[in-house]
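*Asks:* attaching a predicted model along with its sequence, questions to come.
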Amino acid sequence: MRAEILCVGSELLLGQIIDTNAAYIATQLAGIGVDLHRKQTAGDNLERITDCIQGALSRADVLVITGGLGPTTDDLTREAIAAALGVELQYQEDLAANLRAFFAKRNYPISDTTLRQAYLPAGCVELHNPVGTAPGVQFEGQFRGVGDKWIFAVPGVPREMKAMLDGGIVPILTQKMGGERQIIVSRVLRSFGIGESGLADQVEDILTTATNPTVAPLIFGNTEVHLRLTAKARNEAQAKELLDEMEARLRERVGQYIFGSDAQTLPSVTLDLLQKRGATLGVAESLTGGVLQGFVSETAGSSATFRGGVVAYNADLKRDILGVAAQTIEENGVVSEAVAREMALGAQRLTGATFALATTGEAGPTTQSGAPVGTVWLALAHENGVVTEKREFFGDRDAIRRRAALAALDSLRRFLLSP
């Protein structure tokens, strides 16, 4: 069963309201195995809404519309459905009676404007709204000679939309699909340390040939690359089996970059590895200026492993607090492997942690040390020594700082997983 979503409202096109309705509808449709093919947004214009409805019905089996069902003159969804189907609006006395009763119960006067909600396109029935006044619209029938077309229109108010979707539309479609029903389940594999094109190149044959599950790469937060796996199956167990098999194939190819799945984050995965080892973490930051410690401390349960850290931007603090030798700074500069190494050792000594991470580099927008903007040195002090790594990042100041902080955590994650 193919579906499309139409979101109605000029406020959406103007960016005054963020469209969360479409995401919720898409998730619920996927949960019952309905294939969502397209999402459209139209402003409060009768001709444009009508055109969107007609286009969707020419392609899809199901159209879910949200918004434009209120009482005011710019609420045009009812009129647009009627125009798309080539029918008239018809007054429904039972709907009018419900509206009068609703307002009388609250001692509010009812206006002719409010009673606009008592009209439905001919051939349509009410889709009950259990938490609001605006009735929804439901249509089942032929469109341009083709049968089995469904239209569901619900208000744009999220609370009303969710109640009508969960209590009305989803049960109707589930029953309609009957024994043909399949569920759609997705899993996201999260990677760090490789770009989208680089990751895609290594799994190109899987991306282009896999059909169930399908696999698609996408950028997340300008720091991670995700692989979204989407399986269609009769039940959760079958879907999980399909996803597990595909995940194993992908991990065999690019497992060194994959740090977790779904809601897991790089900090949470790294801290979990530390906790399993009974180890602790200390931090010394220069260019990241507390970003690394922020990532760590905002992770639930971080107090079990995170001892604390130091932001030592100034060379004097690197020397006086972390114990970086003045000669090391003088001979190598603050953006150097040697300084990163001594910062990590200083943080390890100062916090008494099992492991310590250090970051130093140039975040820009101009260089203060002479090193190119984006140059970063990372250091990891462990039980038997120090591991250092030079990285080159691009982007603005914020992007470089975030990538450097996450790269430090990833270096610790990889070390903890190494033989």
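*Replies:* Nice, I can see it.
*Asks:* low-scoring stretches of the stretch 151-300 of the chain, by residue?
*Replies:* Counting by pLDDT under 70, the stretch 151-300 of the chain has low-confidence residues at 179-180.
*Asks:* how about 80 then?
*Replies:* In the predicted model, the stretch 151-300 of the chain carries pLDDT under 80 at residues 178-181.
*Asks:* any idea which element the nearest residue to Ile53 once chain neighbours are set aside lies in?
*Replies:* The spatially closest residue to Ile53, leaving aside those adjacent along the chain, is Ala84, at 4.0 Å (CB to CB, 6 or more residues apart in numbering). For glycine as for every other residue, the C-beta is placed from the backbone atoms N, C-alpha and C. Assigned by DSSP states H and E, Ala84 belongs to helix 77-85.
*Asks:* returning to what we had before: next, count neighbours for the residue nearest to Ile53.
*Replies:* Other residues within reach of Ala84, judged by other CB atoms under 10 Å, total 22.
*Asks:* where does it land on pLDDT?
*Replies:* For Ala84, the pLDDT comes out at 96.
*Asks:* next one: it from Ser411, what distance?
*Replies:* 57 Å (CB to CB, to the nearest Å).
*Asks:* give me the contacts around stretch 320-336.
*Replies:* The list of residues contacting stretch 320-336 from outside it, by CB atoms under 8 Å, 6 or more residues apart in numbering, reads 284, 286, 310, 312, 315, 318-319, 338-339, 342-343, 345-347, 349-350, 360-362, 369-371, 375, 377.
*Asks:* ends of that stretch, how far apart?
*Replies:* 18 Å (CA to CA, to the nearest Å).
*Asks:* how about the contacts made by the residue sitting nearest the centre point of the chain?
*Replies:* The residue lying closest to the centre of the chain (CA atoms, centre = their mean) is Phe220, at 7.8 Å. Shown in contact with Phe220 (CB under 8 Å, 6+ apart): Arg190, His226.
*Asks:* same check, this time on Ala30
*Replies:* Contacts of Ala30 (CB under 8 Å, 6+ apart): Leu36, Ile183, Ile184, Val185, Ser186.
*Asks:* and it, which of the three is it?
*Replies:* Following DSSP: H, G, I helix; E, B strand; the rest coil, Ala30 is assigned to helix.
*Asks:* again, but for Gly323
*Replies:* Per three-state DSSP, Gly323 ends up coil.
*Asks:* got the phi/psi numbers for it?
*Replies:* Torsion angles at Gly323 (phi, psi; degrees, to the nearest 10) stand at phi 80, psi 20.
*Asks:* I'd like the average pLDDT over the lengthiest helix in the chain.
*Replies:* For the chain, the helix with the greatest residue count under DSSP state H is helix 397-417. Helix 397-417 carries an average pLDDT of 97.
*Asks:* how distant is it from the center of its chain?
*Replies:* Offset of helix 397-417 from its chain centre (CA atoms, centre = their mean, to the nearest Å): 21 Å.
*Asks:* mind giving me the packing neighbours of that helix?
*Replies:* helix 266-277, helix 291-297, strand 355-361, strand 375-382, strand 385-392 (3 or more CB pairs under 8 Å, 6 or more residues apart in numbering; DSSP states H and E).
*Asks:* only the buried residues of that helix, if you could.
*Replies:* 399-414, 416 (16 or more other CB atoms under 10 Å).
*Asks:* could you do stretch 129-147 as well?
*Replies:* Buried, per 16+ other CB under 10 Å, within stretch 129-147: Asn129, Gly132, Thr133, Ala134, Pro135, Gly136, Val137, Gln138, Phe139, Glu140, Phe143.
*Asks:* for the first one, give me its contacts.
*Replies:* Asn129 makes contact with Pro135, Gly136, Val154, Pro155, Glu160, Ala163, Met164, according to CB under 8 Å, 6+ apart.
*Asks:* same thing but 10 Å
*Replies:* Contacts of Asn129 were listed using CB atoms under 10 Å, 6 or more residues apart in numbering, and they are 69, 98, 117, 135-136, 154-155, 157, 160-161, 163-164, 167-168.
*Asks:* which of those are buried?
*Replies:* Neighbour-count burial (16+ other CB under 10 Å) is assigned, among those, to 69, 98, 117, 135-136, 154-155, 157, 160-161, 163-164, 168.
*Asks:* mind telling me what element the closest residue to Val269 other than its chain neighbours is part of?
*Replies:* Ranked by CB to CB, 6+ apart and with sequence neighbours excluded, the top spatial neighbour of Val269 is Gly260, at 4.7 Å. Assigning secondary structure by DSSP H and E places Gly260 in strand 258-261.
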